[in-house]
Structure formats: C-alpha cells, structure tokens
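Participant: any chance you could fold what I've pasted below:
(one chain, ligands or ions: 3)
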Amino acid sequence: GEAVKLAVIPGDGIGPEVVGEALRVLAAVTEGTDLVFEQTRFSLGAQRYLETGDVLTDDDLAAIKGHDAILLGAVGGVPGDPRLVGANIERGLLLRLRFELDHYVNLRPSVLYPGVASPLADPGDVDFVVVREGTEGPYVGNGGAIRAGTPHEVANEVSVNTAYGVERVVRYAFAAASARPRKRLTLVHKTNVLVFAGSLWKRTVDAVAAEYPEVTVDYLHVDAATIFLVTDPARFDVIVTDNLFGDILTDLAGAISGGIGLAASGNINPDGRFPSMFEPVHGSAPDIAGTGIADPTAAILSIALLLDHLGRAEVASKVREAVTADVAERGDAKRSTSEVGDAIVARIGALD
Ligand code: NAD
Ligand code: IPM
Ligand code: MN
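Facilitator: Residues are numbered from 1 along each chain as shown. Ligands and ions are numbered 1, 2, ... in the order given. As a prediction, the model looks like this:
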C-alpha cells in the first residue's frame, strides 16, 4: 500500500513521553502489514513558543495540511507561567488546528475495560461514545470585553451554533448509534436555559431521528447527565453534545472509566478534506512531566482510533486487544511510561 503521511506533534510536558510509546505501538502493530507510516515531526507548543515566539505559523499549518493524519501528545505549559501569559497556546495551536482542519466531530469513547478499577462502586458495563461538536459553540472566540479592567467590565463569550454545523455532527452521531448494537442516542444540552441553541439542537435531532427509526433517542439536560454518568453510566451508548458540554463530560467520562490516562480521542474531519487528528483527552500534566510515570495508554488507544479512521479496523482491534489484556492485569502495580509501552508492545508481538 501507499505510505500514510503522519504529522506528529509531541507537544509539551508528558506529550512527548506518551507519543513515544504510542509510536512504538504503531510500529509493532503495523509490522508485517502493508501499512507504512511516513512521519514528520512538528515542534509546536509552549516550548516552541518560548524558544521562537511562534505558536502555529501559516507555513506550519500548510505543511500539516499536506499529511493524511495527525498524532498529537498534548500542548500547554504550566498554568500561570508568566512567560506564557497572552500566548494562549491552546487557542492558537490546538483549537486553531481543530477549526482550520474542520474537525467537526470530536470522538471520545469511554470504555471501562474488564479488571480496571472505577471510582464507582458498581459502574456496570460502561461502553459509550461522546460525539462532541468540535468547531462551534463557545469555543469560537466570538466575544470581547467592554470597559475591561474597570468595575463595570462586561465580558461576552457568545456560543455560535449554526444549522449547518449542528446538522452535520448530529448526522454523524446517528450513523454511529445505528452502527452500534444498542442503537441509543442521547442529546445532552441545556434547552431549559439556552433556549435558542437548545431549540436548534433539539429540532435537528428530532428531524434526523425520523431517518433513523431503529435508533432510540432521548434527551438530558447537561446537569442531569452528570448525575447519570456517576449513578448509571451503563445507560449511555452515543451522546451527542455541544463543544463545551462535551469537553466537561469527557473528563468525567474518563474519570469513571479508569482514569484520564486511558481516555483517547479523535478530532475527525469526516469529509476527508483535511487530516484528522488523534490525541489523548488529557493535557500536558506539568505536575508529573519528566518523572516517567505518565500513563501512555490514552495515546496508545488514540492510535487505535487513527487506524479505525484509516479503515483498518482489524489492525486497530489488535491494539485494543493488547491494551485490554494489559489493563486487566495491571492491578495496582506502579509502572513507568516505558514499562507500560513495553508490556503492550510485547502483547502485540504475542497476538495471533
Ligand atoms: P491535565 O490533563 O494535563 O492534568 C490533569 C491531571 O491528570 C493532573 O494531575 C495530571 O498529572 C493527570 N494526568 C493527565 N494525564 C495523565 C496521564 N497520561 N497519566 C497519569 N496522569 C495523568 O490537565 P490540566 O492540568 O488542566 O492542564 C495542563 C496543561 O495542559 C494546561 O496548559 C492545559 O491547557 C493543557 N491541556 C492540553 C490539552 C491538549 O493538548 N489536548 C488537553 C487538556 C489540557
Ligand atoms: C481538551 C482540552 C482542550 C479543550 C483545551 C486544552 C483547549 O481540554 O482537548 O479536552 O477544551 O477542548
Ligand atoms: Mn478537556
């Protein structure tokens, strides 16, 4: 087969540590297949900014666009670092990539693997996916401050929800629900307060539902959704929600299904016009960076999402099989980042 051009953005903090292990797993699982990855490394993030003053140049962006997919570790410095005030790496780099590359689906599966401890006493079978809108909502930067710095400051951050943008992510979520055994879709919003955006989301879900009679649809306000994620997460199958609600729900989802160190994600451009980007849900974790204890599993599971996206589900499932076996036997053993990578690579080698 032809080589897949993979842009690799290790980023900051634990980003490079977990990406290193993810790439080892990618190499192991594609060995002996026709899949070949041609990697380009992009040095981007807080570190790059501190060295050069650049966050994401137009040349960087153009070069990244020339790739088939992106693997990202995490970006962002130590919160409060005075040298980063005003740089806003997250907005200028991560969000700019999501917007420019039209990653309108932010896919965040949550699976509680057998043998993995959840902070919930009786979680049940947790296996759901959050389809988080990725290009709109309160993330678009549609705001401004009036009389900033005075006692009369007004700070606006207006959520943008377009019929076009809502419909395309809702359609993706229905197709995903229809392809899953339970065929359930839950819209999460806050229609009782955010009446304009809520009405658009609700009407869109109702309209698309008519095309998917096999999908069972329900609705939860986002506050109630956080209750059920803790009391009965097994009830969820596909959740479709706006950008900010999806951000918050997926950290909670990570926490209930074994921890943020296991939570993978894909920023997908389903049209295939731009490269999709795969990354752990977690950030650069400055509190543990450099200590060698970051869990690389979320980055490794992001490789499985990348392989799914490339239409290579059979290779992706090998990654999941190896991870499933590893996490089942992990117990409380404190292993280093590279020990987890070693164990998963060894399991891949022992498959079939
Ligand atoms: P974080 O996800 O980096 O860390 C939250 C907590 O989870 C920390 O205690 C951390 O040690 C722990 N943690 C995270 N990943 C882990 C892993 N793989 N293994 C073990 N423990 C792990 O969130 P934060 O502290 O709010 O943010 C830190 C920086 O990362 C900020 O600059 C933030 O903006 C940025 N950030 C970036 C991304 C991204 O690049 N996608 C996502 C979230 C946050
Ligand atoms: C995530 C992160 C980002 C988000 C931040 C760093 C911009 O929290 O990927 O979940 O809010 O989407
Ligand atoms: Mn987040």
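
Participant: next up, the contacts around the residue of the stretch 101-250 of the chain at minimum distance from ligand 2.
Facilitator: Residue nearest to ligand 2 within the stretch 101-250 of the chain (CB to the nearest ligand atom): residue 247, separated by 4.3 Å. The C-beta positions use only the backbone N, C-alpha and C, and glycine is treated the same way. With contacts defined as CB atoms under 8 Å, 6 or more residues apart in numbering, residue 247 is in contact with residue 132.

Participant: how would you label it: helix, strand or coil?
Facilitator: Here residue 247 is helix, with the state taken from DSSP: H, G, I helix; E, B strand; the rest coil.

Participant: quick one: the closest residue to residue 232 other than its chain neighbours and ligand 1, what's the gap?
Facilitator: Of all residues not flanking residue 232 in the chain, residue 124 sits nearest, at 7.1 Å (CB to CB, 6 or more residues apart in numbering). Using CB to the nearest ligand atom, to the nearest Å, residue 124 is found at 24 Å from ligand 1.

Participant: pLDDT score assigned to residue 124?
Facilitator: Residue 124 is assigned 96 on the pLDDT scale.

Participant: cool, and residue 86?
Facilitator: Reported pLDDT for residue 86: 86.

Participant: centroid-nearest residue for this structure?
Facilitator: Centroid-nearest residue in the chain, with CA atoms, centre = their mean: residue 265, separated by 2.7 Å.

Participant: surely it is in a strand?
Facilitator: Yes: if the criterion is three-state DSSP, then residue 265 is within a strand.

Participant: looking at it, the residue nearest to residue 232 is touching residue 234, isn't it?
Facilitator: Yes: using CB atoms under 8 Å, residue 124 is in contact with residue 234, at 3.3 Å.

Participant: which parts of the stretch 1-150 of the chain sit against ligand 2?
Facilitator: By CB under 6 Å from any ligand atom, the part of the stretch 1-150 of the chain that sits against ligand 2 consists of 90, 94-95.

Participant: neighbour-wise, which of those residues leads?
Facilitator: Tallying neighbours with other CB atoms under 10 Å puts residue 94 at the head of those, with 24 neighbours.

Participant: contacts only, for that residue.
Facilitator: With CB under 8 Å, 6+ apart, residue 94 has these contacts: 72, 75-76.

Participant: make CSV out of the residues of the stretch 1-150 of the chain next to ligand 2 and add secondary structure.
Facilitator: As requested, those are exported to CSV (three-state DSSP):
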residue, secondary structure
90, helix
94, helix
95, helix
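
Participant: just checking: which of these also lie near ligand 1?
Facilitator: Okay, of those touching ligand 1 (CB under 6 Å from any ligand atom), that's 90, 94.

Participant: including distance to residue 156 and pLDDT, could the residues of the stretch 1-150 of the chain next to ligand 2 go into a markdown table?
Facilitator: Formatted as a markdown table, those follow (distance: CB to CB, whole Å; pLDDT from 0 to 100):
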| residue | distance to residue 156 | pLDDT |
| --- | --- | --- |
| 90 | 20 | 92 |
| 94 | 23 | 97 |
| 95 | 18 | 97 |
